[in-house]
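Asks: With the sequence up front, the predicted model follows.
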Amino acid sequence: MAKCYEQYPLWIVFLSNLVSIAIYAIGGYILYQLGLIWLAIYLVYIVLLEVRLMKKSCTNCYYYGKLCAFGKGKLCAILFRKGSAKTFAQDKITWKDILPDFLVSIIPLLIGLALLIFNFNFLILSSIILLILLTSVGNGFVRGSLACKYCKQRELGCSAEKLFKK
């Protein structure tokens with residue numbers, strides 16, 4: 001069993017956020033092809049998802065006020081009141097609960113494929129390939145090798161881990 005971090009190293013926080021920001025930027029670029037309003041809607045959607053995550057999960061996490069793998073524990077402590085660690089461990093997460101998070105990649109992917117069908121473009125194709133790689137391999141590496149592997153909350157109880165371990 002790997003040791004748990006009390007505070008994650010900055011390089012992990014940086015790399016974890018770099019993958020997320022790259023996914024958001026590529027998705028944003030693809031949606032921008034439809035117009036500025038679609039980009040704005042996409043960015044608002046991302047902000048709402050991040051706020052929802054911090055308010056619902058991060059407030060109850062062991063890393064509230066600390067440097068978690070994504071840096072949200074510190075940010076959450078600035079924005080929201082601390083919740084209960086027991087709540088975090090007892091919450092049940094289903095695939096339906098995390099579908100909105102998957103839509104951050106799925107929607108740009110589907111729109112990108114439609115754009116390719118109607119007007120093939122190598123930049124859109126490259127963006128789609130990079131989006132798929134970052135969403136699957138990139139996120140898999142961050143969560144499997146950097147974040148969850150050293151997470152104290154995982155040891156205390158994590159419904160996301162239970163969902164993905166099924």
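Replies: Noted; the coordinates are in hand. This is a predicted model, so every value here is computed, not measured.
Asks: for the helix or strand harbouring G140, what is the average pLDDT?
Replies: For G140, the element it lies in under DSSP states H and E is helix 139-141. In this model, helix 139-141 carries a mean pLDDT of 94.
Asks: Pull out the buried positions in it.
Replies: For helix 139-141, a neighbour-count test (16 or more other C-beta atoms under 10 Å) marks N139 as buried. Yep, even glycine has a C-beta here, placed from its N, CA and C like the rest.
Asks: Apart from its neighbours in sequence, what residue is nearest the most centrally placed residue in the chain?
Replies: The chain has S20 as the residue nearest its centroid, 5.9 Å off, counting by C-alpha atoms, centre = their mean. Excluding the flanking residues, the one nearest S20 by C-beta to C-beta, 6 or more residues apart in numbering is F70, at 7.4 Å.
Asks: Over to that neighbour. Which of the three states is it?
Replies: coil (DSSP: H, G, I helix; E, B strand; the rest coil).
Asks: residue contacts, it?
Replies: Residues in contact with F70 (C-beta atoms under 8 Å, 6 or more residues apart in numbering) are 13, 16-17, 20, 147.
Asks: Apply 10 Å and report the result again.
Replies: Contact partners of F70, counting by C-beta atoms under 10 Å, 6 or more residues apart in numbering, are 8, 12-13, 16-17, 19-20, 50, 53-54, 58, 63, 142-143, 147.
Asks: are any of those residues buried, and which?
Replies: 8, 12-13, 16, 19-20, 50, 53-54, 58, 63, 142-143, 147.
Asks: can you tell me which of these are in helices?
Replies: Among the buried ones among the contacts of F70, DSSP state H puts 12-13, 16, 19-20, 50, 53-54 in helices.
Asks: now stretch 63-82: how far from the chain's centre is it?
Replies: 15 Å (C-alpha atoms, centre = their mean, to the nearest Å).
Asks: the helices in the protein, which residues?
Replies: Under DSSP H, the chain gives helices at 10-32, 36-56, 72-79, 85-90, 95-118, 122-133, 139-141, 152-156, 159-165.
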